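Chemist: Mind folding the following:
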Amino acid sequence: MELFAKPIFLLYLIPICLLAGLIGWAGLKLKTHLIRSLFGTQAYAKLTANLRPVTRWRGSLFFATLVFLFIALAGPQWGTEVIEAQGTFAQTIIAVDVSASMRAQDLKPDRLDNAKKMLQMLVSNLKEERIGIIAFTSQAYIQCPITTDQDALNYFINSLQPDMLPVPGTSLAAPVQLAARMLSKYPGQKALILLTDGEDHSPEELQAARQTALKNGIRIIAIGIGTKEGTLIPAKTDRSGRILEYKKDKDGKTVVSKLDEKTLLELAQATDGVYISYTTPAQVAAKVEEAVKGLDRSVSKTMSRAAYKNRYAFPLILAILCLAGYLLWPRGQKFLPAETKKEIQKR
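Modeler: Numbers count the residues shown, from 1 in each chain. Model (predicted):
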């Protein structure tokens, strides 16, 4: 445990006290010199015989004020308390296609690697968003619950792999339905960032997915990753990464995966969202960041943490008491008996 929150103020105290002492010493020397020059020591003693002497106790109170004040600024701390932090955040779900087609290398090194780089940039820029991550093929699974923890989000983004889910195929409706359930408890407008090549093996479910998104106030920001010309899907590689075999369909024909922009564009437009064609990670991240602006925000607890209690009030009260004592210290004439006054006047 650190005894002080800001111990640097204790170091400031040393030169401040030295400076105050130097000014007091110089002032006393100057006062003595002026008294000797203007009145003489005996004459001044006679003039001030009925005044209260300047006591060192008053000066000590001044220095004690400085000491306690800087101790308060240093923030003495002991004991612990639980602090709950709150913030206002917009809610966003990122759904990433992890089907076999994301191995396609029409974007180097492959589609999914490009998607992960873009998402890492995006997450680092979305400071005011609570984000959840979904991985999907023909079914969708929660990869990361809605959170503001960027380290956790980056961890789950890095763990995304093609064919990481036990079910093949691709369904765009599945992540929309799951995102709706994850976002249902939050009011206002939310966003679903859908990152895929757009191939859909269950197109008949899309209409229901659109209605679900509209009902739950979800804007779909669709990112089409891949090329319209398409390319083959690697199915087997050696240790060096050289492709040994390409994916084939049930009839034994080699599969060519192409970007389906039409489906993604229709899905985005139906939910008052936007379609973004993938170019570079930085450019797409900037466009997505602009697209999620204006989402409704809600107050959420971000985290609870234990912290030492700052006890600055104790030295601060002592500083105020010492300052009051310094300012209220009796000055001026002191009470003298009549006989003493007459004796002083005869001198």
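
Chemist: So which elements touch the helix or strand hosting A72?
Modeler: Using DSSP states H and E, A72 maps to helix 56-74. Helix 56-74 is packed against helix 8-38, helix 313-328, with contacts defined by 3 or more C-beta pairs under 8 Å, 6 or more residues apart in numbering; DSSP states H and E. In short, each C-beta sits where N, CA and C put it, glycine included.

Chemist: Of all those helices, which one comes closest to P234?
Modeler: Among these, helix 8-38 comes nearest to P234, with 58.2 Å by C-beta to C-beta.

Chemist: The nearest residue to L153 once chain neighbours are set aside: neighbouring residues, count only.
Modeler: Nearest in space to L153, with sequence neighbours left out and distances taken as C-beta to C-beta, 6 or more residues apart in numbering, is V123 at 4.9 Å. Look at V123: counted by other C-beta atoms under 10 Å, it has 22 neighbours.

Chemist: what's the answer for the one 5 residues further on, then?
Modeler: Close neighbours of E128, defined as other C-beta under 10 Å, add up to 14.

Chemist: tell me the domain boundaries of the protein?
Modeler: With domains defined by automatic domain parsing, the chain comprises 8-76+311-346, 86-301.

Chemist: want to throw those into a markdown table with mean pLDDT and distance to E2?
Modeler: A markdown table is the format used below for the domains of the chain (pLDDT from 0 to 100; distance: least, C-beta to C-beta, whole Å):
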| stretch | mean pLDDT | distance to E2 |
| --- | --- | --- |
| domain 8-76+311-346 | 76 | 9 |
| domain 86-301 | 89 | 25 |
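
Chemist: May I have the phi/psi pair for H201?
Modeler: H201 has phi and psi values of phi -90, psi 0 when expressed as degrees, to the nearest 10.

Chemist: show me what contacts it?
Modeler: 138, 169-171 (C-beta atoms under 8 Å, 6 or more residues apart in numbering).

Chemist: Narrow those to those that are buried.
Modeler: For these, a burial check counting by 16 or more other C-beta atoms under 10 Å picks out 138, 169-171.

Chemist: Could you check the helix holding A72 and say which residues are buried?
Modeler: 58-59, 61-74.

Chemist: Residues touching it, excluding its own?
Modeler: For helix 56-74, the external contacting residues (C-beta under 8 Å, 6+ apart) are 4-10, 12-13, 16-17, 20-21, 24, 312-316, 318-319, 322-323, 325-326, 329.

Chemist: could you redo the last one with a cut-off of 7 Å?
Modeler: Helix 56-74 has contacts (C-beta atoms under 7 Å, 6 or more residues apart in numbering) with 4, 6-7, 9-10, 12-13, 16-17, 20, 24, 312, 315-316, 318-319, 322-323, 325-326, 329.

Chemist: And those, which of them are buried?
Modeler: Among those, those buried by neighbour count (16+ other C-beta under 10 Å) are 4, 9, 13, 16, 312, 315, 318-319, 322-323, 325-326.

Chemist: And the helices in the chain?
Modeler: Secondary structure of the chain (DSSP state H): helices at 8-38, 41-47, 56-74, 111-125, 150-158, 173-183, 206-215, 261-270, 281-291, 313-328, 338-346.

Chemist: between the ones you listed, which gets nearest to D197?
Modeler: Shortest distance between D197 and the helices of the chain, using C-beta to C-beta, is found for helix 111-125: 6.4 Å.

Chemist: tell me what that closest one is packed against?
Modeler: helix 150-158, helix 281-291 (3 or more C-beta pairs under 7 Å, 6 or more residues apart in numbering; DSSP states H and E).

Chemist: Taking helix 111-125 as reference, get the angle to the first one.
Modeler: To tie it back to what came earlier, the one meant is helix 150-158. Here helix 150-158 runs at an angle of 170 degrees relative to helix 111-125 (axes from the mean of the first three to the mean of the last three C-alpha atoms, to 10 degrees).

Chemist: CA atoms only for helix 150-158, dumped as PDB, please.
Modeler: Provided in PDB are the C-alpha atoms of helix 150-158 (Å, rounded to 0.1, in the frame of the first residue of the first chain):
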ATOM      1  CA  GLN A 150     -10.800  -3.600 -25.100                       C
ATOM      2  CA  ASP A 151      -8.300  -6.200 -24.100                       C
ATOM      3  CA  ALA A 152     -11.000  -8.800 -24.000                       C
ATOM      4  CA  LEU A 153     -12.400  -7.700 -27.400                       C
ATOM      5  CA  ASN A 154      -8.900  -7.900 -29.000                       C
ATOM      6  CA  TYR A 155      -8.400 -11.300 -27.500                       C
ATOM      7  CA  PHE A 156     -11.600 -12.700 -29.000                       C
ATOM      8  CA  ILE A 157     -10.900 -11.000 -32.300                       C
ATOM      9  CA  ASN A 158      -7.500 -12.700 -32.500                       C
END
